[in-house]
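> My questions concern the predicted model and sequence given below.
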Amino acid sequence: MKKVILVIITCFLMFIGSTGISQADWSPGIKIDGQLRVFNPPCQIVNGRTMVPLRFVIEDPVLQGTVGWDGNNSKVTVTCQGQNFEFKIGSSTVLVNGTARTLDSAPYIFQDRTYLPLRFLAENLGGIVTWNDALGQVNVIFNKSAASEPAVFAYYYSGGFSELQANANLFSDVALRWFETDADGDLFYEYQDNYTQVLNLLDKNGIKKHASVVFMDKAGLHTLLSSPNRRANLINQLYNRVQNSNYDGVNIDFEFISASDSDYFTTFLRELKNRLGPNKELSVAVFARTSSDNWSTGYDYQSIGEIADRIVVMSYDYCYSTSAAGPVAPLWWVNDVVDYMLHTAQIPPAKLLLGVATYGYNWGSGQNGTTVTLVKLNSLRNNYQVNEYFDTASMSPYYTYTDGNGLTHKIWLENERSLAEKLKVAVNNNLGGISFWRIGNGFDDLYNLLAKN
């Protein structure tokens, strides 16, 4: 027993001395077949390798292997997926089915757990290992069917073609928000665009295309939704448009629905989904909500989650043009929104798309906020001394400057750092992906982040 304790202490001291890593240091996240795993003690980075507590991985429900420990010889044996491993603490040589192999980082013991390099272990068990730098996360896939990528569901609007073309490789789906409707349920284009050119580009790049229709008038929505004939008129026109232009689905963006029209809206969505059928997707944009909100809503979130194929939660505009200056989407609030959608509304995580904004607001002292994009921010930088800060409480950047009239301004926007934190929320909750408004805002930070992922 003393010999085992001595070995453990010696290896631990060697480990601390050679790497400088302690339990309090940063630990990478680990996902196995799309599910986040929490290890205690946590994973560690040694010599650029992710080291994991062996037993937690091998005995994971995905692998269901066995681990043996020979204290007299400081040796660990592993039987898993038809493979046999023999590791020795402190040695870079490992036997795999009796054949000697070399490890980049030798096994060690920390807090009574044997640590081994994850990549070596996973790849020798037939797994695929990838590193997500933006999230600080290792993804391990054993079941190849679990390797599907989360969606990037982007909204396209007027003037966004060049940006769409330049970043087409980053999108899985594009909602073409060029349709409107009215109280009679007639469908028409909101603005003129080269529709065929856009659709051809999406087809060429294998991007799913969705006919997105907007209506934001409370009285008009009541007239439309409460009438079976008007609902049928809109549904028929949407169905025909989908068939004629070979859209992959329909996206509904109805906002400011009266709470008294909630059941009508649910009925409309059910009728629309039934008409579209199983081969065409129905997605619905909804306002963000948390368990502490008590405002009335026209969205029956749980019913929408049961009917629609995907739900875009607009988890932005926490502060907006007529509110006091503040972050567009503070991280703590985004977490609360996701918690409500998953646990109170009981929307399946695979259906939920986390909406992020590619715009913010510019507030002058005593004035309402005006919409600002990265392009506008860069223009202000060319004319004024713009100071940049980062609020860690909300995990959001903000900017200040004084204009030519001596008026002080504060801008809250997003940047790559703040969006990376929101992406972690989507990934760690196994959401179906993200959505954003919109292509055409020139928001390179989001594209840079997506490219890294």
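Good, I have the coordinates.
> After the helix or strand containing residue 129, heading C-terminal, what element do we hit next?
When elements are assigned from DSSP states H and E, residue 129 belongs to strand 128-132. As assigned by DSSP H and E, the chain's next helix or strand after strand 128-132 is strand 137-141.
> For that next one, the averaged confidence score.
Averaged over strand 137-141, pLDDT sits at 83.
> With stretch 165-180 instead?
Averaging pLDDT residue by residue across stretch 165-180 gives 97.
> cool, and stretch 257-271?
The average pLDDT within stretch 257-271 is 98.
> Pull the residues that contact that stretch.
Defining contact as CB atoms under 8 Å, 6 or more residues apart in numbering, one finds that stretch 257-271 is touched by 218, 221-222, 225-226, 231-232, 235, 252, 254, 282, 284, 296-300, 303-304, 307-308. Every C-beta, even on glycine, is put in place using the N, C-alpha and C of the backbone.
> go on, stretch 378-391?
When contacts are defined by CB under 8 Å, 6+ apart, stretch 378-391 is touched by residues 327, 377, 396-404, 411, 417.
> Repeat the analysis, applying 6 Å as the threshold.
Contacts to stretch 378-391, defined as CB atoms under 6 Å, 6 or more residues apart in numbering, come from residues 397, 398, 399, 400, 401.
> Could you pull out the strands in the stretch 301-450 of the chain for me?
For the stretch 301-450 of the chain, strands defined by DSSP state E, counting those that start in this stretch occupy the ranges 310-314, 352-357, 360-364, 370-372, 387-391, 396-402, 408-412, 433-439.
> quick one, which of those is nearest to residue 99?
Closest approach to residue 99 among those is made by strand 433-439 (41.9 Å; CB to CB).
> What pairs with the closest one, parallel or antiparallel?
Take DSSP bridges as the rule and strand 433-439 pairs in its sheet with strand 151-156 (parallel), strand 352-357 (parallel).
> Show me the one of those that comes nearest residue 437.
Nearest to residue 437 among these is strand 151-156; the distance by CB to CB comes to 4.9 Å.
> how about the helices of the stretch 1-150 of the chain, start to end?
2-19, 54-58, 118-123 (DSSP state H, counting those that start in this stretch).
> pLDDT on the longest one, on average?
This points to helix 2-19. Averaged over helix 2-19, pLDDT sits at 36.
> Same check on stretch 50-70?
Stretch 50-70 shows a mean pLDDT of 91.
> same check, this time on stretch 417-437
Stretch 417-437 shows a mean pLDDT of 94.
> cool, stretch 97-115 as well?
In this model, stretch 97-115 has a mean pLDDT of 91.
> residues in contact with it?
For stretch 97-115, contacts defined as CB under 6 Å, 6+ apart pick out 8, 11, 15, 41, 46-47, 49, 51, 53-54, 76, 84, 87, 89-94, 116-117, 120.
> Sitting in strands, which of these do you find?
Of the contacts of stretch 97-115, the ones assigned to strands by DSSP state E are 46, 49, 51, 53, 76, 84, 87, 93, 94, 116, 117.
> List the contacts of the third one.
Under the criterion of CB under 6 Å, 6+ apart, the contact list for residue 51 reads 44, 115, 117.
> Turn the ones in strands among the contacts of stretch 97-115 into a markdown table, columns for distance to residue 381.
Below are the ones in strands among the contacts of stretch 97-115 laid out as a markdown table (distance: CB to CB, whole Å):
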| residue | distance to residue 381 |
| --- | --- |
| 46 | 42 |
| 49 | 41 |
| 51 | 43 |
| 53 | 48 |
| 76 | 57 |
| 84 | 61 |
| 87 | 55 |
| 93 | 57 |
| 94 | 55 |
| 116 | 49 |
| 117 | 45 |
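> Put the buried members of those into a PyMOL selection.
Per 16 or more other CB atoms under 10 Å, the buried members of the ones in strands among the contacts of stretch 97-115 correspond to this PyMOL selection:
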select buried, resi 46+49+51+53+76+87+94+116+117
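> Of all pairs in the ones in strands among the contacts of stretch 97-115, which one is the farthest apart?
Top of the distance list for the ones in strands among the contacts of stretch 97-115 (CB to CB): 46 and 84, 24.6 Å.
> what's the straight distance from one end of stretch 117-129 to the other?
12 Å (CA to CA, to the nearest Å).
> Go through it and flag the buried ones.
Of the residues in stretch 117-129, 117, 118, 119, 120, 121, 122, 124, 125, 127 count as buried by neighbour count, 16+ other CB under 10 Å.
> Wait, the second one touches residue 53, no?
This points to residue 118. No: applying CB atoms under 6 Å as the test, residue 118 and residue 53 come out as separate, 10.1 Å apart.
> so who does residue 131 touch?
Contact analysis of residue 131 by CB under 6 Å, 6+ apart lists residue 138.
> Name the nearest residue to residue 197, ignoring sequence neighbours.
Once flanking residues are discounted, residue 197 sits nearest to residue 161: 7.0 Å by CB to CB, 6 or more residues apart in numbering.
> can you pull the pLDDT of the one you found?
pLDDT, read off for residue 161, is 97.
> how much space between it and residue 449?
Applying CB to CB, to the nearest Å, the value for residue 161 to residue 449 is 22 Å.
> same question, residue 88
Residue 88 is 42 Å from residue 449, where distance means CB to CB.
> The two: who's more crowded?
More crowded of residue 88 and residue 449, by other CB atoms under 10 Å: residue 449, with 23 against 16.
> Please report the number of neighbouring residues for the closest residue to residue 106 other than its chain neighbours.
Distance criterion CB to CB, 6+ apart; nearest residue to residue 106, sequence neighbours excluded, is residue 92 at 4.8 Å. Neighbour count for residue 92, taken as other CB under 10 Å: 13.
> Do you know the pLDDT at residue 92?
Looking at residue 92, its pLDDT stands at 92.
> Start at 599, not 1
That works, and once the first residue is 599, the last one we named lands at residue 690.
> what residues are up against it?
Residue 690 neighbours (CB under 6 Å, 6+ apart): 700, 701, 704.
> Distance check, the last one against residue 658.
As judged by CB to CB, residue 704 and residue 658 stand 23 Å apart.
> Settle it for me: which of those two has more neighbours?
Set residue 704 next to residue 658 and count neighbours by other CB under 10 Å: residue 704 wins out with 24 against 18.
> Now do the phi/psi pair for the more buried one.
phi -70, psi 150 (degrees, to the nearest 10).
> just to revisit the earlier point, quickly name whichever of the contacts of residue 649 is closest to residue 1038.
Residue 1038 has its nearest neighbour among the contacts of residue 649 in residue 642, at 43.3 Å by CB to CB.
> what is the nearest residue to that closest one once chain neighbours are set aside paired to in the beta sheet?
The shortest distance from residue 642 to any non-neighbouring residue, by CB to CB, 6+ apart, is to residue 649 (4.9 Å). Listed by DSSP bridges, the beta-bridge partners for residue 649 are residue 642, residue 715.
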